[in-house]
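In: Here you go, sequence then predicted model.
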Amino acid sequence: MHSDIERILVSEEEIQEKCRELGKQLAEEYEGRFPLAIGVLKGALPFMSDILRHMDTYLEMDFMDVSSYGGGTRSSGEVKIEKDLNTKVEGRDLLIIEDIIDSGLTLSYLVDLFKYRKARSIKVVTLLDKPEGRTADIKADVVGFKVPNEFVVGYGLDYQEKYRNLPYIGVLKPHIYSEE
Ligand code: XMP
Ligand code: MG
């Protein structure tokens, strides 16, 4: 375990097992179709990679990078598109892949945007769900793990751009935050 991590919330083995299970489930749901899998950068990258390798179907991949105005650890709800899709979503079956849903404001912005762009269907899969953080009236269709209302890092999730490369989800030691 990395020396900055206080405890592991979801182990590497649990994540990998979940990716296998969800990937197979999604492959069945999209059988005979050609969905567009949309990874929300950067956090969803490891999850997207691990889940899609278990989907034995035709699919297309694209990426979107969005950020909330304001910074900090809470989203402000005002979302800025840093990188848009290269693919037209009109008439497509979309599978949005997220790392975590907290307030839900980012996801709610994306869903509204893709509805406006006339997607045929929109499904959301998130590795983590923090239901206590929710302010927007939205939920994911498929959730890997529920986590408590704590700031988590690892497996795509960062604190000041660090820890995305850890293979598990963990909580940082308090002194890492307080040394700012
Ligand atoms: P909202 O609040 O819009 O937030 O649902 C979604 C985005 O906020 C980030 N986020 C976190 N990042 N640890 C992180 O590293 C966390 O505990 C956490 N909670 C929210 C993340 O970028 C997510 O996509
Ligand atoms: Mg994110």
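Out: Looks like it came in fine. Ligands and ions are numbered 1, 2, ... in the order given.
In: So for Glu180, what's the pLDDT?
Out: Per-residue confidence (pLDDT) for Glu180: 57.
In: Equivalent analysis for Ser108, please.
Out: Confidence score, pLDDT, at Ser108: 94.
In: What of the one 4 residues further on?
Out: At Asp112, the model reports a pLDDT of 95.
In: Determine the number of other residues adjacent to it.
Out: Asp112 has 12 neighbouring residues, counting by other C-beta atoms under 10 Å. Just so you know, the C-beta spots here come from the backbone N, C-alpha and C atoms, and that holds for glycine as well.
In: Use 825 as the first number for this chain going forward.
Out: All right, first residue 825 from here; so that's Asp936.
In: From the chain's centroid, how far away is the helix or strand it falls within?
Out: Assessed by DSSP states H and E, Asp936 sits inside helix 929-940. Mean-position distance between helix 929-940 and its chain equals 14 Å (C-alpha atoms, centre = their mean, to the nearest Å).
In: helices and strands around that helix, which ones?
Out: strand 884-892, strand 903-907, strand 917-925, strand 945-953 (3 or more C-beta pairs under 8 Å, 6 or more residues apart in numbering; DSSP states H and E).
In: If we use 10 Å, what do you get?
Out: Packing contacts for helix 929-940, counted by 3 or more C-beta pairs under 10 Å, 6 or more residues apart in numbering; DSSP states H and E, involve strand 860-865, strand 884-892, strand 903-907, strand 917-925, strand 945-953.
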